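Q: requesting a structural model of the entry that follows:
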Amino acid sequence: MSKQPIHLTCRSKRSADKNCLILPLTAGERTQLRGRRITSDGTEVILLLPRGSKLLPGEFLGGNNPKITVAVTASEEELLRVKSHSQSSLSKAAYHLGNRHVEVEICENELFLLNDLVMHKMLKGLGFSIDVVEREFFPEHGAYE
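A: Coordinates of the predicted model:
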């Protein structure tokens, strides 16, 4: 007989303890408040959260069982790192990506976006230095979030 999935129905004010389950989520998954997910130890959970803001790493989720707490973490994703010799040039890359509605994480001297062949070719053609990296992804919030 297989274990029943854990239903997570609310954001919790509880903190982590030794029995806390870890739920690594991609940036896209952190915006989806409903659906099946798998914790890092292989436990199946079902998100049934009320509509609202996206999940943030460090948040805790709970459900009907007060003994179970689930901590949200950011999982690593395959990203493109865009580097440039100047801030104005990097702004140009951000403009072209935004014009295509691509989610972007903006850092001091580089941009990050999900690995995408079309965007890679476009940015390379515009003269940017591109690397493929594995790391957590925190794209900019939309203007209306």
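Q: for the most centrally placed residue in the chain, which non-adjacent residue is spatially closest?
A: Nearest residue to the geometric centre of the chain (C-alpha atoms, centre = their mean): Ala27, 1.6 Å. Distances taken as C-beta to C-beta, 6 or more residues apart in numbering place Phe137 nearest to Ala27, at 4.4 Å, with adjacent residues excluded. C-beta: built from backbone N, CA, C; applies to glycine.
Q: is it true that the one you found touches Ala74?
A: Yes: contact criterion C-beta atoms under 8 Å: Phe137 and Ala74 qualify, at 7.1 Å.
Q: okay, and the common contacts of those two?
A: Common neighbours of Phe137 and Ala74 (criterion: C-beta atoms under 8 Å, 6 or more residues apart in numbering): 26-27.
Q: now Lys124: how far from Pro57?
A: 31 Å (C-beta to C-beta, to the nearest Å).
Q: please apply the same query to Arg100.
A: 27 Å.
Q: of these two, who's got more company?
A: Neighbours per residue (other C-beta atoms under 10 Å) separate Arg100 from Pro57, with Pro57 holding more: 15 against 12.
Q: ok, now which ones touch that one?
A: 30, 72-74, 136.
Q: again, 10 Å this time
A: Residues near Pro57 by C-beta atoms under 10 Å, 6 or more residues apart in numbering: 23-25, 30, 71-75, 136, 138.
Q: looking at the residues you listed, which has the most residues close by?
A: Leu23 (25 neighbours).
Q: I figured it hits Thr39, correct?
A: Yes: counting by C-beta atoms under 10 Å, Leu23 touches Thr39, with 5.2 Å between them.
Q: that older thread, give the contact list for the residue nearest to the centre of the chain.
A: So Ala27 contacts 54, 74-75, 77, 79, 103, 105, 114, 136-139 (C-beta under 10 Å, 6+ apart).
Q: the residue nearest to Ala27: neighbour count?
A: A count of nearby residues for Phe137, using other C-beta under 10 Å, gives 20.
Q: again, but for Val82
A: Neighbour tally, Val82, other C-beta under 10 Å: 26.
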